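Enquirer: need a 3D model of the following:
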Amino acid sequence: MNGPIVHDSGSAIAVQPAEQAEIELKLLAPQGVLEKLREMPVIAQHARNRGVVRRLETVYYDTPERVLFQRGMSLRVRRSGKHFIQTLKFSPDSGRPLARRQWETPVDGITPDLARLPAAEIGDPVTTLAPDALEPAFATKVRRHARQLDLPDALVEIAFDEGTIEAGTRQEVLSEIELELKSGNAGALFDLGTQLLDTAPLQIGTRSKAERGYALAFDVVQPAVKAEPVVGITAEHAVDDVIALLAGSCWQHLLNNHAVAREGSDPEGVHQMRVALRRLRTICALFRREIPSPSFEAINGEARWLMQQLGPTRDWDVFAVTTVSRLATAAPEVDLGDLREVVQLQRKSNYAALQAVLADPRCSRFLLSLGNWVERRGWRNEIESEASAVLSQPMPTLADKILARWHHKVLKRGAHFWRLDADTQHDLRIDLKKLRYAAEFFSPLYADRARAKRYVARLARLQNSLGRARDIANISALLDTIGQDDRPALRFAVGAMTGWRARDQIAVAKKLRQRWRRFKATSAFWGR
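Expert: All right, here's what the predicted structure looks like:
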């Protein structure tokens, strides 16, 4: 039996227009499973009461040019019974994917009143928008059942939302769970999310209701997001804090590209997910020698699994977007129409398979466990006191050791570079990526930024050339997968691609040797 339907909690009027930080984990649920989830023992055991059910009608506003959206903001007015609350939210800050800055104030009706917001504190464009500049963009209608849970180390509000997003004649179903931290440790959100996942195939929701509404109303395509430099690392930071900053950045990078990869709206989404996973695996590799926590191996293993699932889709994206385009430029007389057609069919098939992987509970469980690992600093678990002491040390000393070790490993792997076969080159490329990420991670610790920048730049150029060589080596396997039918144009295009591959391989090999010599001559920027 559900709790009573009420129109207002009585607390809305007390909301002050001060900045708040909402910390929330969103889980997407298949239609029809929320009722079962509401009755889970973990909820019944920790809930303060039966909770309340509200009917929430919300209208989102923006200018015709979508100025707020372009600034990473959303503005809504929500009606709950006789009361109206306007909320201005920001997109999550870097390094805090669950946290959103927001301001809430009561208003007299369903129309927003910007004068009630602290415009000077928020800044543009709120300070410059005219009162009549806003118009309704889309709306949501939600039936929300919310309960307060007293968990061992946190107070969490769990809200089960069922309803719709509406924009003109368009409509999209909402079925999701919001876990909001009221007080305590944010790790409790991940613990609870994992327990819910045991009952239903949930997915982490990486887009807010506002972002989904903009996509529905204006066909806004969520762009892929590149990794941002990890800000705030200084020579005074302890090793423990640096691991948390780096791993948290990787987790946010993954979440930012999850929906893009799942929807297939931008091939860069799959690529950026792989970059995030590669950076995460690098963190595990860099630290597990001095801090032999079993959790590094566990996280690395799941990251490796997900990278392998993303790999075929990425290979076909590169082939379609880059390789075929280069052949078209090099040989414009070749008819590539049939080749493009079969390549697109291969891509479509791979994206369908990838959607199933990203919707799989294993993927959701990995993303939740990674967030929990970062929040609770799980690398501290099951280690000896000597390793615990390393975690409390300043980062620069360990950074010197890590960079020197991986630099030596790369030079050793690349000895007699001109004799390396394709597989050994690929292994070298993987080590180079780890060294490059390590150099990027730790360069803020060193005073000589110019030397660090030069070192990373030469590493990146060498790595890119090795990546190009790997893409060329993959062409044969992809062409074999395509097969050939009776279409002469397709057979001719495949033959042209094979010949172009051989020519390009020679050109890339020459550039590779030059870039390897230049990298070897680059002096280290670490050490004291």
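
Enquirer: and the lengthiest strand in the chain, what does it pack onto?
Expert: As assigned by DSSP state E, the longest strand anywhere in the chain is strand 135-151. Contacts defined by 3 or more C-beta pairs under 8 Å, 6 or more residues apart in numbering; DSSP states H and E place strand 135-151 against helix 41-46, strand 52-62, strand 154-167, strand 170-184, helix 187-197, helix 209-218. C-beta coordinates here come from the backbone N, C-alpha and C atoms, glycine included.

Enquirer: quick one: low-confidence parts of this protein?
Expert: Along the chain, the model assigns pLDDT under 70 to residues 1-19, 94-95, 484, 528.

Enquirer: any idea which helix or strand comes after the helix or strand residue 286 falls within?
Expert: Assigned by DSSP states H and E, residue 286 belongs to helix 268-287. Counting by DSSP H and E, the next helix or strand C-terminal to helix 268-287 is helix 294-318.

Enquirer: how far away from the center of its chain is that following helix?
Expert: 14 Å (C-alpha atoms, centre = their mean, to the nearest Å).

Enquirer: contacting residues around it?
Expert: Contact with helix 294-318 is made by 261, 267, 270-271, 273-274, 277-278, 280-281, 284-285, 287-288, 343, 346-347, 350-351, 353-354, 357, 362-363, 366, 369-370, 373, 378-379, 381-382, 471, 474, 478, as judged by C-beta atoms under 8 Å, 6 or more residues apart in numbering.

Enquirer: give me the buried positions along it.
Expert: 295-296, 299-300, 302-303, 306-307, 309-310, 312-318 (16 or more other C-beta atoms under 10 Å).

Enquirer: now the element after it, going C-ward?
Expert: Note on helix 294-318: by DSSP H and E, the next helix or strand toward the C-terminus is helix 324-330.

Enquirer: returning to that earlier point: can you redo the helices and strands packed on strand 135-151 as JSON lines with mean neighbour count and distance to residue 249?
Expert: Shown next, in JSON lines, are those (neighbours: other C-beta atoms under 10 Å; distance: least, C-beta to C-beta, whole Å):
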{"stretch": "helix 41-46", "mean neighbour count": "14", "distance to residue 249": "31"}
{"stretch": "strand 52-62", "mean neighbour count": "19", "distance to residue 249": "30"}
{"stretch": "strand 154-167", "mean neighbour count": "20", "distance to residue 249": "24"}
{"stretch": "strand 170-184", "mean neighbour count": "16", "distance to residue 249": "21"}
{"stretch": "helix 187-197", "mean neighbour count": "21", "distance to residue 249": "17"}
{"stretch": "helix 209-218", "mean neighbour count": "21", "distance to residue 249": "21"}
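
Enquirer: for residue 394, find the nearest of those.
Expert: Closest approach to residue 394 among these (C-beta to C-beta): helix 187-197, 25.9 Å.

Enquirer: out of the helices and strands packed on strand 135-151, flag the one nearest residue 227.
Expert: When the helices and strands packed on strand 135-151 are compared by C-beta to C-beta, helix 209-218 sits nearest residue 227, at 20.3 Å.

Enquirer: buried stuff in the helix or strand that the closest one is followed by?
Expert: Using DSSP H and E, the helix or strand that follows helix 209-218 in sequence is helix 239-263. Using 16+ other C-beta under 10 Å as the test for burial, helix 239-263 gives 239-262.

Enquirer: one more: stretch 464-474?
Expert: Buried residues in stretch 464-474, defined by neighbour count with 16+ other C-beta under 10 Å: 465, 466, 467, 468, 469, 470, 471, 472, 473, 474.

Enquirer: what residues are up against the second one?
Expert: For residue 466, the contacting residues are 425, 426, 428, 429, 432, 512, taking C-beta under 8 Å, 6+ apart as the criterion.

Enquirer: got a winner among these for most neighbours?
Expert: residue 432 (24 neighbours; other C-beta atoms under 10 Å).
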